[in-house]
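1. I would like to see how this sequence folds:
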Amino acid sequence: MRKKTTGFLGQDLKKPDGQGRIAIGREFSDDTYSVEPQQNGDIILRPVVVIHKQEAWLFQNREALASVKRGLEQAARGEVEDLGTFAQFASDTEEGE
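-> Down below sits the predicted model:
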């Protein structure tokens, strides 16, 4: 077992391995991070959530996102209306093909 080294102000000191990797701890293993090198040499690890590119438009359109949230809240309250089948509009091809 490796001995933990404590540096300035009680911060953990870590040294990259031969592949340039630094282990940050199991408690962070389920997250995805952006790595942001700074001009002063600092490296900022910022937790991020990755979304599919085709879905990004929704989060960039406040009106559409608010509408989706309203719909989800209404559905949770049971305020739904059965509009029947939409099978007549179904297609096996992508839109625009």
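2. now the helices for this protein?
-> Along the chain, the stretches classed as helices by DSSP state H are 56-60, 62-76.
3. any idea how far the spatially most central residue of the chain lies from Gly41?
-> Nearest to the geometric centre of the chain sits Val49, at 0.9 Å (Cα atoms, centre = their mean). Using Cβ to Cβ, to the nearest Å, we find Val49 at a distance of 27 Å from Gly41. Quick note: C-beta positions are derived from backbone N, CA and C, even for glycine.
4. try Gly71
-> Per Cβ to Cβ, Gly71 is found 48 Å from Gly41.
5. same deal with Glu55?
-> 36 Å.
6. and what of Ala56?
-> Look at Ala56 and Gly41: by Cβ to Cβ, they are 32 Å apart.
7. cool, Val68 as well?
-> Counting by Cβ to Cβ, the gap from Val68 to Gly41 is 42 Å.
8. just Phe89 next, same as before
-> Distance from Phe89 to Gly41, by Cβ to Cβ: 56 Å.
9. residues near Ile24, how many?
-> A count of nearby residues for Ile24, using other Cβ atoms under 10 Å, gives 13.
10. Report the contact partners of the closest residue in space to it that isn't next to it in sequence.
-> Distance criterion Cβ to Cβ, 6 or more residues apart in numbering; nearest residue to Ile24, sequence neighbours excluded, is Leu45 at 7.1 Å. Contact analysis of Leu45 by Cβ atoms under 8 Å, 6 or more residues apart in numbering lists 24, 33-36.
11. for the residues you listed, which one is nearest Lys15?
-> Closest approach to Lys15 among the contacts of Leu45 (Cβ to Cβ): Ile24, at 12.9 Å.
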